[in-house]
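[1] Below are the sequence and a predicted model; questions follow.
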Amino acid sequence: VKQVMQFPGTVWKVTCWGSKVVTGCNDGYIRIFSRDLKEIAGEDEVAEFAKQGTDYLRKIRGGPSKEDVEKYDLWDTRVPCTQGDKTVKVFNKGGQAWAAQWDAISEAWVLIGEVTGTDENRGKIDGVEYDHVLPIEHEVAGGGLRTLQIGYNNGENPFVVAQKFIDEHQMDQNDLSQIADYITKRTGAKTETPTIDMTQDGMNGDTTMADMFGAGASNPPGSLGAAVQPPPAVVFETIPIKSVTIYGAGEDKVGKAVDKVKEGKVSESDGLILDDLARVIKDSSRYHASTIDEGWYALLLSLLNSATSPETTFPVIDLFRLAILHPSASKQSPSFWCDVVDKIVGLMEAVPASNVAVRMLGLRVWCNLSKIRQFYDSPLFSDQARIGRLCSVAKECVGSGNKNVRASAVMLVMDLAYVVHVSPKGETGASIGSALLDVVLVCLQDADVENRRRGLLAVGTMVLAGGKDLREAIVIEIRNSRAETETEEKEVLKAAGK
């Protein structure tokens, strides 16, 4: 049973207290909700609560009143903030309410936008005006939050807008439905279940009969006066893999990696660049506004090429792992990243299996690169020799005695299977699929049940993307494996038509 209620303010905390639900609202009240009929409040109290919610909703939809605006501090006489970085405050700017955020680096208030009612929430993002500008708080690696803005125009498909937002800010694909639902609830948008195009351009929204046959077409070609309904699509619970896995933890420790790199032969000027790089990587809440210079990436590659020992190599690889998470990584050329990964794979091949750091971090660099979809049709993923070398090392790592190395290898297998499934060009899927199959089959023999489950998810994803020969090979191996994850196994066999 679901119950929707309007609070007279913003609810900042919801927690459970036994069988009860406790909320903390910014109106200063803690409220306790229970299903026990003996504990229900009186009719007058319930009615008062509903009235407070209605009054609050009416107020915020109308925006701040003239009396409210007059109470705010004047923008022209603003003073420095004493409450810390990113503090938000509302000012009276020319008789209108404007929100501003304190930026500790520039030591200045930065205007965010005019405070209006929710029915009048037009605004601009990077100079582009939208019918609705909505805030979205996004959790970043390390436990922090960054506040972003998403623009939406009336009549747009919320799923298309949400997908564009995810691609722009390099967010997890699993956030799509949540963001689209948020847009729908905040704007009253009407949406139907979308047909999602998992191609190079991302998810492009609904495809209708009019889209395929022309806006004026009433029936598709070859029909007898009635639209031909396509057969219902087979829906699987666990496959295909919905997104790639990335390794983002450690931004707060990036300074230690930089210090480790500096122990080698690093000039004073390069040391300053590394300090700047660490500062940008660490402040993930400002990724939307910060930049990693092309020269900084080039410096990392130079340091990687000049490293003489595993002790000086793995910190550079770790810096690459983190630098890839910044949106600037997608602006570097595929050829640059080919040089990077070729060097890293070479190091992984050269070090002994006992060198956990180089192999584990090298695998994680590849996992993080898998999130940049525009590279899927580039030689970074389509070159069979390059992928073959990677899969050969990954196969060894799946059998590693170190659980972190094994887990990283299995995660890479899942990420590459995802690339195969959504790859916009057949050559990429073919180059990865043939090399990846051997690694996947090793995963199915792993003693760790979770790794076998992940291997099956990769197998199932490849089955949905592969041809008949690949399906037959996979079916034989699954039936010969020790898989104990029945749901995934049954779905893979079902996907293969067995």
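    Ah, there it is. Note that the structure is predicted; figures quoted are calculated from it, not measured.
[2] Which stretches in the stretch 301-450 of the chain count as helices?
    Applying DSSP state H, counting those that start in this stretch to the stretch 301-450 of the chain gives helices spanning 310-323, 334-350, 356-369, 379-382, 384-398, 403-422, 426-443, 449-465.
[3] Tell me the buried residues in the last one?
    This means helix 449-465. Using 16 or more other Cβ atoms under 10 Å as the test for burial, helix 449-465 gives 451-465. C-beta coordinates here come from the backbone N, C-alpha and C atoms, glycine included.
[4] from the chain's centre, how far out does that helix sit?
    Offset of helix 449-465 from its chain centre (Cα atoms, centre = their mean, to the nearest Å): 21 Å.
[5] Asn92 and Asp73 touch, don't they?
    Yes: assessed by Cβ atoms under 8 Å, Asn92 is found in contact with Asp73 at 6.7 Å.
[6] For those two, indicate the residue with more neighbours.
    Between Asn92 and Asp73, counted using other Cβ atoms under 10 Å, Asn92 has the larger neighbour count: 19 against 12.
[7] Check whether that one sits in a helix, strand or coil.
    strand (DSSP: H, G, I helix; E, B strand; the rest coil).
[8] Lys66 versus the nearest residue to it once chain neighbours are set aside, what's the distance?
    Take Asn92 and drop its neighbours on the chain: the residue closest to it by Cβ to Cβ, 6 or more residues apart in numbering is Tyr72, 4.2 Å away. According to Cβ to Cβ, to the nearest Å, Tyr72 stands 11 Å off from Lys66.
[9] check which helix or strand covers Gln149.
    strand 145-152 (DSSP states H and E).
[10] who does that strand touch, helix- and strand-wise?
    Counting contacts by 3 or more Cβ pairs under 8 Å, 6 or more residues apart in numbering; DSSP states H and E, strand 145-152 is packed against strand 123-125, strand 128-130, strand 132-139, helix 158-168, helix 176-187.
[11] Reformat those as a markdown table; add distance to Glu114 and mean neighbour count.
    Shown next, in a markdown table, are those (distance: least, Cβ to Cβ, whole Å; neighbours: other Cβ atoms under 10 Å):
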| stretch | distance to Glu114 | mean neighbour count |
| --- | --- | --- |
| strand 123-125 | 7 | 15 |
| strand 128-130 | 12 | 13 |
| strand 132-139 | 10 | 16 |
| helix 158-168 | 22 | 21 |
| helix 176-187 | 17 | 17 |
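[12] where does the stretch 151-300 of the chain have low pLDDT?
    188-238, 249-252 (pLDDT under 70).
[13] would you list every one of the helices in it?
    Going by DSSP H, counting those that start in this stretch, the stretch 151-300 of the chain shows helices at 158-168, 176-187, 209-213, 254-262, 268-282, 294-306.
[14] how about those helices, which one is nearest Val244?
    helix 158-168 (12.3 Å; Cβ to Cβ).
[15] picking that back up, of the buried residues of helix 449-465, which one scores lowest on pLDDT?
    Ranked by pLDDT, the buried residues of helix 449-465 bottom out at Ala465 (70).
[16] Excluding chain neighbours, what is closest to that one?
    The shortest distance from Ala465 to any residue other than its chain neighbours is 4.4 Å, reached at His421 (Cβ to Cβ, 6+ apart).
[17] Quick check: the one you found touching Met462?
    Yes: using Cβ under 8 Å, His421 is in contact with Met462, at 7.3 Å.
[18] Report how many residues lie close to the nearest residue to Gln332 once chain neighbours are set aside.
    Nearest non-adjacent residue to Gln332, counting by Cβ to Cβ, 6+ apart: Tyr297, 5.7 Å away. By the measure other Cβ under 10 Å, the count of residues near Tyr297 is 23.
[19] Spit out the contact partners of Tyr297.
    Ala323, Ser328, Ala329, Gln332, Phe336 (Cβ atoms under 8 Å, 6 or more residues apart in numbering).
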